[in-house]
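*Asks:* how does the following fold in three dimensions:
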Amino acid sequence: MHYLKNFYNKTLSYDLLNKFKYKNINELPKFKKIILNFGCKTNDIKNLSYSLLALEFIISQKGKLTVAKKANVLLKIRKGNPVGCKVTLRKQRLEKFLEKILTEILPKIKNYTGLNLNRKIKKIALTYAIEDTLSFSELENYYYLFNNLPGLKITFITTANTRQELLFVLKSYQINVKKSKYNSIGRV
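*Replies:* Down below sits the predicted model:
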């Protein structure tokens, strides 16, 4: 059993049961999926292929291209053109990537003070952008290919019902959250 799953089953689930009131054990909040996304500003096929290759190096899972749903004249993007790529992680790959984020990536990021929560955030999802994609050890050896990658957006999707549950789960995994007036228990 993976140590993060063991931590959730042995420690975090009991803490959640003691802090919040649940009628059923299946109501406990947990990570449902993690979505990794490279959004390219231009529809240059070279940048798209490099970002897709970088996702495959990082995750060891094949990614897929995302296409534009609407045309945008200012960015010169037509409807149906590829504009980025993404990978969705679930179950064991989610646990492995969460371990990698907690142990390798977040400590390497310069000037990291925590995830920034604002009022607009949904109660079940949290998005964080990593601008320095070369902090992944898989990409360091291929600097000449991946030095101009756009920022990687990581979206954590949980089964939390309230913002307080989401903050409690993040803090228990020791993911730092910046202090703001919206993080308090009284406000949602």
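
*Asks:* hey, which helix is longest across this protein?
*Replies:* helix 45-59 (DSSP state H).

*Asks:* list of residues touching the following helix or strand past it?
*Replies:* Following helix 45-59 in sequence order, the next helix or strand is strand 64-67 (DSSP states H and E). Identification of contacts with strand 64-67 by Cβ atoms under 8 Å, 6 or more residues apart in numbering yields 37, 39, 48, 52, 80-87. Quick note: C-beta positions are derived from backbone N, CA and C, even for glycine.

*Asks:* strands paired with strand 64-67, and their directions?
*Replies:* Strand 64-67 pairs in its sheet with strand 82-89 (antiparallel), by DSSP bridges.

*Asks:* quick check: angle from the partner strand to helix 45-59?
*Replies:* Computed by axes from the mean of the first three to the mean of the last three Cα atoms, to 10 degrees, the angle separating strand 82-89 from helix 45-59 equals 10 degrees.

*Asks:* contacts for strand 82-89?
*Replies:* Residues external to strand 82-89 that are found in contact with it (Cβ under 8 Å, 6+ apart): 33-40, 43, 45, 48, 51-52, 55, 59, 61-68, 77, 97.

*Asks:* are any of those buried, and which?
*Replies:* Applying 16 or more other Cβ atoms under 10 Å to those, the neighbour count classes 34, 36-38, 40, 43, 48, 51-52, 55, 59, 63, 66, 68, 77, 97 as buried.

*Asks:* name the SS class of the most centrally placed residue in the chain, please.
*Replies:* Geometric centre of the chain, nearest residue: residue 154, 2.5 Å, by Cα atoms, centre = their mean. Assigned state for residue 154: strand (three-state reduction, DSSP: H, G, I helix; E, B strand; the rest coil).

*Asks:* next up, the contacts around it.
*Replies:* The contact partners of residue 154, by Cβ under 8 Å, 6+ apart, come to 34-37, 101, 127-130.

*Asks:* out of those, which sit inside strands?
*Replies:* Cross-referencing the contacts of residue 154 against strands under DSSP state E gives 34-37, 127-130.

*Asks:* tabulate these (TSV), appending distance to residue 8.
*Replies:* Supplementary listing: those in TSV, determined by distance: Cβ to Cβ, whole Å:
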residue	distance to residue 8
34	15
35	20
36	21
37	25
127	22
128	20
129	26
130	24
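
*Asks:* re the thing from before, average pLDDT for the longest helix of the chain?
*Replies:* Averaged across helix 45-59, the pLDDT comes to 86.
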